[in-house]
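**Student:** attaching a predicted model along with its sequence, questions to come.
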Amino acid sequence: MAEEQNRNQGKAQQQDLNQLLKARREKLAELQSAGQDPFVITKYDVSIHTADAKEAFEAKWPKPAESEEAPEIPEEERMNVSIAGRLMSKRVMGKASFGNVQDLSGNIQLYVTRDDLGEEPYKAFKKMDIGDIIGVKGYVFRTKTGEISVHAKEVTLLTKSLQILPEKFHGLTNTDLRYRQRYVDLIMNPEVKDTFIKRSKIISCIRRFLDAQGFMEVETPMLVSNPGGAAARPFETHFNALDEDLKLRISLELYLKRLIVGGMERVYEIGRVFRNEGVDTRHNPEFTLMELYQAYTDYHGMMDLTEAMYRHIAQEVLGTTKITYQGVEMDLGKPFERMTMVEAVKKYAGVDWNTVADTEAAKALAKEHHIEFEDFHKKGNILNLFFETYVEEKLIQPTFIMDHPIEISPLTKKKPEDPNYVERFEFFMNGWEMANAYSELNDPIDQRERFAAQDALADAGDDEAEHTDEDFLNALEVGMPPTGGIGYGIDRLVMIMTNSPAIRDVLFFPTLKSLS
């Protein structure tokens, strides 16, 4: 019985919705037949955004004490404005009405009267629907209740909305629908708009910071024949004009290092990369990566730069170096902790890797700790598995994990004092990897040997292994100076800086399964 009632209620709601949608189209047809088609309007002169209008008015005429009335502003001193935005509410009361217009910066109340607009324009205003985009000319004033508003002298319908916005007080709450219809999400949920405004500010801040350090922003290919620079499965496509199979890049590294070879001493790129992998709260198949490379420095230089940049971004965008993410406070103002992977595993797993003799001993230790591994894994791979199992989630405060095993770092310089490890670090916050950096390998002979080892892994079934890149090897033979390089996951940085629980919350249009 209850199921049938719900079904009938759903049908009735759909019928009501259909009637409302039909009414909007009829209103549009009526306007068009009267020669008032809103879609022929090509521009509207906006003098100010709503938030700026409120701020400017408040600065000139502050809110009076509760016992006082707002002063009458002489006509010659009025703050005249021309605003435009989406009509989010409307309350008609005979000869006078109230409304609310929302633009990029916020919203402001409208006061609209028949006497000010004239009889026919006022009738037209009353017929406008929630969601319509309008232009308003008038002056700013403060109502008797103290709300800063615009006293409309002219209202123009700029775009007729033919769809129904979600009910105001519940907003758009269906998560999947929010991601699929981000345009509605941005209209109904101000905090979503604020997140993406902050994202833009963060990226702009990064660019300014690096530009001031002498870095140059560059662009490199997205369609490549050999997608090296990371351990990941690529997306594949076919280029008809050349009749060649190509892949979408998984990293920015190998082309940027070619530029270092060419003498471009400090370069960075912010761009999309594509990895044919799973989707979860921290992974999307296409995401924004920033990589930078600096000649004549090493991974310690990259650590110093990272610490300074993160601290600068937080201070400039958020106004503080203390970040609270999902209830956990992280302090970017303090010196970031630095420890080797071996030290971290000893600290958090209680295993001293310096006492592990060889690969067989490492595999026995992994079995003892119920850590799964592949047959082709070596001692260094298993050290990394211990790190991922016991350490990563504990690294809440900003921490650099240094000196990774060579088996998981095919593009990195060996440590001179111990060639089983390389000059590499990963930067962690909130238990997440936020950046990955190397003292870049510039020995072409060593690099060829490591590519050969990666080819062998690929032949053994590792579909994330890299492949030999002959042109990159040729570039190294031309000669690359000692170089420090690093890659940053921009989306995770934005997540932490905006307290967003999932990567989809910081991507305008995340990857979703098709509804068809």
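**Tutor:** It's in.
**Student:** buried set for stretch 204-218?
**Tutor:** Applying a neighbour-count criterion of 16 or more other CB atoms under 10 Å, one finds Cys205, Ile206, Phe209, Leu210, Phe215 buried in stretch 204-218. Glycine gets a C-beta too; all of them are placed from N, C-alpha and C.
**Student:** where does the third one sit: helix, strand or coil?
**Tutor:** Using DSSP: H, G, I helix; E, B strand; the rest coil, the structure places Phe209 in helix.
**Student:** follow-up on the earlier one: now tabulate the buried residues of stretch 204-218 in JSON lines and tack on distance to Ser409 and pLDDT.
**Tutor:** What follows is the buried residues of stretch 204-218, written out as JSON lines (distance: CB to CB, whole Å; pLDDT from 0 to 100):
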{"residue": "Cys205", "distance to Ser409": "30", "pLDDT": "98"}
{"residue": "Ile206", "distance to Ser409": "25", "pLDDT": "98"}
{"residue": "Phe209", "distance to Ser409": "27", "pLDDT": "98"}
{"residue": "Leu210", "distance to Ser409": "24", "pLDDT": "98"}
{"residue": "Phe215", "distance to Ser409": "24", "pLDDT": "98"}
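**Student:** can you name the residues bridging to Tyr325?
**Tutor:** Beta-bridge partners for Tyr325, by DSSP bridges, are Val328.
**Student:** can you tell me which two in the buried residues of stretch 204-218 are farthest apart?
**Tutor:** Within the buried residues of stretch 204-218, Cys205 and Phe215 form the most distant pair, 13.7 Å apart (CB to CB).
**Student:** can you give me the strands in the stretch 201-350 of the chain?
**Tutor:** 216-217, 223-224, 236-239, 244-248, 266-274, 286-295, 322-325, 328-331, 337-340 (DSSP state E, counting those that start in this stretch).
**Student:** any idea how far Val101 is from the residue lying closest to Gln163 once chain neighbours are set aside?
**Tutor:** Distance criterion CB to CB, 6 or more residues apart in numbering; nearest residue to Gln163, sequence neighbours excluded, is Gly131 at 6.8 Å. Per CB to CB, to the nearest Å, Gly131 is found 12 Å from Val101.
**Student:** more crowded one of these two?
**Tutor:** Shown here are Gly131 and Val101; by other CB atoms under 10 Å, Val101 has more neighbours (24 against 18).
**Student:** any low-confidence regions in the stretch 51-200 of the chain?
**Tutor:** Residue ranges of the stretch 51-200 of the chain with pLDDT under 70: 67, 168-172.
**Student:** tell me where it has strands.
**Tutor:** With DSSP E, counting those that start in this stretch as the criterion, the stretch 51-200 of the chain has strands spanning 79-93, 96-102, 107-113, 133-142, 148-159.
**Student:** nearest to Arg182, of these?
**Tutor:** strand 79-93 (15.3 Å).
**Student:** any idea of the angle the closest one forms with strand 133-142?
**Tutor:** 100 degrees (axes from the mean of the first three to the mean of the last three CA atoms, to 10 degrees).
**Student:** helices or strands next to strand 79-93 in the packing?
**Tutor:** Contact analysis of strand 79-93 by 3 or more CB pairs under 8 Å, 6 or more residues apart in numbering; DSSP states H and E lists helix 50-60, strand 96-102, strand 107-113, strand 133-142, strand 148-159 as its packing neighbours.
**Student:** turn those into a markdown table, including distance to Ala232.
**Tutor:** Listed next are the helices and strands packed on strand 79-93 as a markdown table, based on distance: least, CB to CB, whole Å:
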| stretch | distance to Ala232 |
| --- | --- |
| helix 50-60 | 42 |
| strand 96-102 | 41 |
| strand 107-113 | 43 |
| strand 133-142 | 43 |
| strand 148-159 | 43 |
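**Student:** which among those is found nearest to Glu26?
**Tutor:** strand 148-159 (14.9 Å).
**Student:** packing partners of that closest one?
**Tutor:** On a contact count with 3+ CB pairs under 8 Å, 6+ apart, strand 148-159 meets helix 50-60, strand 79-93, strand 107-113, helix 114-117, helix 119-127, strand 133-142.
**Student:** so which residues of the stretch 351-500 of the chain form helices?
**Tutor:** 359-368, 379-390, 444-459, 470-478, 490-498 (DSSP state H, counting those that start in this stretch).
**Student:** hmm, back to that, next, format the helices and strands packed on strand 148-159 as JSON lines and append distance to Gly327 and mean neighbour count.
**Tutor:** Formatted as JSON lines, these follow (distance: least, CB to CB, whole Å; neighbours: other CB atoms under 10 Å):
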{"stretch": "helix 50-60", "distance to Gly327": "29", "mean neighbour count": "16"}
{"stretch": "strand 79-93", "distance to Gly327": "32", "mean neighbour count": "17"}
{"stretch": "strand 107-113", "distance to Gly327": "30", "mean neighbour count": "20"}
{"stretch": "helix 114-117", "distance to Gly327": "50", "mean neighbour count": "15"}
{"stretch": "helix 119-127", "distance to Gly327": "46", "mean neighbour count": "15"}
{"stretch": "strand 133-142", "distance to Gly327": "39", "mean neighbour count": "21"}
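**Student:** what's the closest of these to Gly229?
**Tutor:** helix 50-60 (42.8 Å).
**Student:** what sits up against that closest one?
**Tutor:** With contact meaning CB atoms under 8 Å, 6 or more residues apart in numbering, helix 50-60 is reached by 48, 79, 81, 83, 85, 101-103, 105-108, 140, 142, 148, 150.
**Student:** at 7 Å instead, please
**Tutor:** Met79, Val81, Ile83, Gly85, Val101, Asp103, Ser105, Gly106, Asn107, Ile108, Val140, Ile148 (CB atoms under 7 Å, 6 or more residues apart in numbering).
**Student:** do stretch 143-156 as well
**Tutor:** By CB under 7 Å, 6+ apart, the list of residues contacting stretch 143-156 reads 44, 54, 57-58, 63, 81, 83, 108-112, 116-117, 121, 125, 134-142.
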